[in-house]
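**Student:** I would like the atomic coordinates for the input below:
(one chain, ligands or ions: 1)
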Amino acid sequence: MAASGLRLPPLPTIREIIKLFKLQAVKQLSQNFLLDLRLTDKIVRKAGNLTNAYVYEVGPGPGGITRSILSANVAELLVVEKDTRFIPGLQMLSDAAPGKLKIVHGDVLTFKIEKSFPESLKRPWQDDPPNVHIIGNLPFSVSTPLIIQWLENISNRNGPFAYGRTQMTLTFQKEVAERLVATTGSKQRSRLSVMAQYLCSVKHIFTIPGKAFVPKPKVDVGVVHFMPLIQPKIEQPFKLVEKVVQNAFQFRRKYCHRGLSMLFPEARRLESTARLLQLADIDPTLRPTQLSILHFRSLCDIYRKMCDEDPQLFGYNFREELKQKKDKSQAKEKEGSYGLE
Ligand code: SAM
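**Tutor:** The predicted model follows:
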């Protein structure tokens, strides 16, 4: 059953559209299609109330989710699809819903949605979310970098979040969906959990078995809903939070001081790490997975102070230091061997 609202005129089924336009999935591009309209309706229902909404669908492919969105009484649906083969099928949907569907042949990683919907939709950050939604079932290789990009946009309140706290309903490999919502102390707790949860309320709303897709992927798929928080739980620049979190999880099975110590140059690693942990009031023997968002908040605040005291610190990268050391010792070895000749 369609979600509600606009009744599309009789159209070929998605399976027929795939046949009609010869839209075989390209395996290398991880194209797995959802043909069951009950499932696409469910994704759209879970995205929230779409009445009069402006919806941005990423990677519509043959248009299953697209149909469900159009049936939900939206004001406008803008789709961005990279593969030209899908454009004629989408055009057929556009003809069936005059004035509702805008099709862009482009790449979601570079497309600027903030210029596409009316300015009047913009809401102050503290207000209720704007009537703008992002929905999509993308290849997993695109959805993970894209969510990182969008989390940074949330932190900076730009990109799709220039409209305010735009909600997103996206699919991920189930394992990634579990990481996105993993709580402190759980096995799946990871960088992604902290980065998503300090900026958003994140819900893994349901799982779609792999067998529901054509062709069937090797894994099940998690549908995840993101609502940006009015007040981020960590109030530091995204890149700084990313650096602290990335270092903390560097050695996920070791005590957290081990990974965090890599934030500091070798010559003063021990004392700086001790200072960071002491001022942040964190037990150095906690594992990275046991650190809560509040722990990360303290770590980021203290690390920020340390960076303000020493402007070189933020640019420090332990891999570069290692590489320089290696290059130096190789040069020395060479010198030595020439000396023997
Ligand atoms: N949403 C459709 C569905 O659920 O049946 C198609 C899903 S398929 C997993 C992913 C779709 O995203 C494909 O149509 C693919 O061509 C498109 N796509 C992949 N990378 C993209 C990108 N960077 N920008 C826009 N579309 C992309």
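**Student:** Need the phi and psi values for the closest residue to the ligand within the stretch 201-341 of the chain.
**Tutor:** The nearest approach of the stretch 201-341 of the chain to the ligand comes at Phe213, 7.6 Å away (C-beta to the nearest ligand atom). Glycine gets a C-beta too; all of them are placed from N, C-alpha and C. Main-chain torsions, Phe213, degrees, to the nearest 10: phi -100, psi 150.
**Student:** residues contacting it?
**Tutor:** Asn32, Phe33, Leu34, Val221 (C-beta atoms under 8 Å, 6 or more residues apart in numbering).
**Student:** Next: Glu81.
**Tutor:** Glu81 sits next to Gly59, Pro60, Gly61, Ile87, Leu90, Ile103, Val104, His105, Gly106 when contact means C-beta under 8 Å, 6+ apart.
**Student:** Give me the distance from stretch 301-311 to the chain's centre.
**Tutor:** Once both centres are worked out by C-alpha atoms, centre = their mean, to the nearest Å, stretch 301-311 turns out to sit 28 Å from its chain's centre.
**Student:** tell me which residues of it are tucked away?
**Tutor:** For stretch 301-311, a neighbour-count test (16 or more other C-beta atoms under 10 Å) marks Asp301, Ile302, Tyr303, Arg304, Met306, Cys307 as buried.
**Student:** Just the mean pLDDT for it, thanks.
**Tutor:** In this model, stretch 301-311 carries a mean pLDDT of 97.
**Student:** can you give me the helices in this structure?
**Tutor:** Using DSSP state H, the helices of the chain run over 14-20, 37-46, 64-70, 87-96, 140-156, 174-181, 191-197, 238-248, 256-260, 269-279, 293-309, 318-340.
**Student:** could you dump these to JSON lines with distance to the ligand?
**Tutor:** Output for the helices of the chain, formatted as JSON lines (distance: least, C-beta to the nearest ligand atom, whole Å):
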{"stretch": "helix 14-20", "distance to the ligand": "7"}
{"stretch": "helix 37-46", "distance to the ligand": "7"}
{"stretch": "helix 64-70", "distance to the ligand": "5"}
{"stretch": "helix 87-96", "distance to the ligand": "10"}
{"stretch": "helix 140-156", "distance to the ligand": "5"}
{"stretch": "helix 174-181", "distance to the ligand": "14"}
{"stretch": "helix 191-197", "distance to the ligand": "20"}
{"stretch": "helix 238-248", "distance to the ligand": "22"}
{"stretch": "helix 256-260", "distance to the ligand": "32"}
{"stretch": "helix 269-279", "distance to the ligand": "39"}
{"stretch": "helix 293-309", "distance to the ligand": "30"}
{"stretch": "helix 318-340", "distance to the ligand": "29"}
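**Student:** Most tightly packed of those helices?
**Tutor:** Stretch with highest mean neighbour count among these: helix 64-70 (a mean of 27; mean count of other C-beta atoms under 10 Å).
**Student:** Which strands or helices does that helix pack on?
**Tutor:** strand 33-34, helix 37-46, strand 54-58, strand 76-81, helix 87-96, strand 132-136 (3 or more C-beta pairs under 8 Å, 6 or more residues apart in numbering; DSSP states H and E).
**Student:** Can you pull the phi/psi pair for Arg123?
**Tutor:** Taking degrees, to the nearest 10 as the convention, Arg123 sits at phi -120, psi 140.
**Student:** That one reaches Ala162, doesn't it?
**Tutor:** No: assessed by C-beta atoms under 8 Å, Arg123 is found out of contact with Ala162, at 10.4 Å.
**Student:** The two: which has the busier surroundings?
**Tutor:** Ala162 (20 against 15; other C-beta atoms under 10 Å).
**Student:** Before we move on, what's the pLDDT of the residue nearest to that one when sequence neighbours are not counted?
**Tutor:** Counting by C-beta to C-beta, 6 or more residues apart in numbering, Glu114 is the residue found nearest to Ala162 once chain neighbours are left out, at 4.2 Å. At Glu114, the pLDDT value in this model is 95.
**Student:** Then the one 3 residues further on?
**Tutor:** We have a pLDDT of 97 for Phe117.
**Student:** Same check on the one 5 residues further on?
**Tutor:** Confidence at Lys122, expressed as pLDDT, is 97.
**Student:** ok, it - how many residues close by?
**Tutor:** Neighbours of Lys122 under the rule other C-beta under 10 Å: 14.
**Student:** I'd say it and Arg165 touch.
**Tutor:** No: judged on C-beta under 8 Å, Lys122 makes no contact with Arg165 at a distance of 11.2 Å.
**Student:** Spell out which residues are contacts of both of these two.
**Tutor:** Common neighbours of Lys122 and Arg165, using C-beta under 8 Å, 6+ apart, are Pro130.
**Student:** ok, the spatially most central residue of the chain to Lys46 distance?
**Tutor:** In the chain, the centroid-proximal residue (C-alpha atoms, centre = their mean) is Ile147; its distance is 1.4 Å. Noted for Ile147: a distance of 17 Å to Lys46, by C-beta to C-beta, to the nearest Å.
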